[in-house]
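**Student:** Dropping a prediction and its sequence here:
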Amino acid sequence: MVFFFKARPSVGDIMIYMGLDKYENEDLIKYGLPEDVWFHVDKMSSAHVYCRLAKHQSIESMSEELLEDCAQLVKANSIQGNKVNNVDVVYTPWANLKKTPGMDVGQVGFHSGKAVKTVRVEKRLNEVVNRLNKTRVERKVDLKAEREAYDAAERAVRKQQAKEKMKRELEAKAQNERDKELQSYKGLMDKSTKMVSNKDIDLKGKSVREIEEDFM
């Protein structure tokens, strides 16, 4: 079971979600999407909360309001973290999560510590937590199937982009060939205008015979 929440309307149509337990978290870690940002209370047990951004967004572009919604939800779903003030919440792109065979269920590390950010939560804001909880929806999700569908859609997009690129390259090549032919034709026309005919010579005052005699 996965719990879905809606962030405040002012930040856009952003979905926040988390798993039911540590076993659900294993699938969330495994089948997340590149647009997902992972949140967790630092050095304490807590839920794994994910924020799914739009494709054009990045972790650097997340607003303070969106960060507050995610951080407050993480704090509220930490038994220890919910009881104390001044809690640090760490967050990082899903792609930076690292799972090794020796880790416990639900445990996760990072590929790069530099890609992990921290936000301080001074205290629980009930108005934020209550607003988020009112939007909560529980849904059974086939995370593996969703990820496979996402990957298939991405492959289709890349295939279409490659096809369009090839079409543009072929059109450019054909246009280049036409330009070369036109240049060649213009060159021949220029040469033909510089040729001197018998008539041209006569018009200059000498006949062909006279020109031949001068040559001899």
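**Tutor:** In hand now; what should we look at? Numbering: from 1, shown residues only.
**Student:** Show the average pLDDT along the lengthiest helix in the chain.
**Tutor:** For the chain, the longest helix by residue count, based on DSSP state H, is helix 143-194. For helix 143-194, the mean per-residue pLDDT is 84.
**Student:** list the helices and strands it packs on?
**Tutor:** On a contact count with 3 or more Cβ pairs under 8 Å, 6 or more residues apart in numbering; DSSP states H and E, helix 143-194 meets helix 22-30. C-beta coordinates here come from the backbone N, C-alpha and C atoms, glycine included.
**Student:** Give me the buried positions along the helix it packs on.
**Tutor:** 24, 25, 26, 27, 28, 29 (16 or more other Cβ atoms under 10 Å).
**Student:** Quick one: name whatever helix or strand follows that helix.
**Tutor:** Using DSSP states H and E, the helix or strand that follows helix 22-30 towards the C-terminus is strand 36-41.
**Student:** hang on, the earlier thing: and the longest helix of the chain with helix 22-30, angle?
**Tutor:** Angle of helix 143-194 versus helix 22-30, following axes from the mean of the first three to the mean of the last three Cα atoms, to 10 degrees, is 10 degrees.
**Student:** Nearest residue to the middle of this structure?
**Tutor:** residue 55 (5.1 Å; Cα atoms, centre = their mean).
**Student:** circling back: dump the buried residues of helix 22-30 to JSON lines, plus pLDDT and distance to residue 18.
**Tutor:** Shown next, in JSON lines, are these (pLDDT from 0 to 100; distance: Cβ to Cβ, whole Å):
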{"residue": "24", "pLDDT": "87", "distance to residue 18": "8"}
{"residue": "25", "pLDDT": "89", "distance to residue 18": "8"}
{"residue": "26", "pLDDT": "91", "distance to residue 18": "13"}
{"residue": "27", "pLDDT": "91", "distance to residue 18": "12"}
{"residue": "28", "pLDDT": "92", "distance to residue 18": "8"}
{"residue": "29", "pLDDT": "92", "distance to residue 18": "12"}
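**Student:** and the residue nearest to the centre of the chain, what does it touch?
**Tutor:** residue 35 (Cβ atoms under 8 Å, 6 or more residues apart in numbering).
**Student:** how close does it sit to residue 145?
**Tutor:** 20 Å (Cβ to Cβ, to the nearest Å).
**Student:** so residue 32 makes contact with residue 50?
**Tutor:** Yes: Residue 32 is in contact with residue 50 according to Cβ atoms under 8 Å; the separation is 6.6 Å.
**Student:** Common neighbours of those two, please.
**Tutor:** 38, 94.
**Student:** Mind checking which of the two has more residues around it?
**Tutor:** With neighbours defined as other Cβ atoms under 10 Å, residue 32 and residue 50 compare such that residue 50 has more, 24 against 20.
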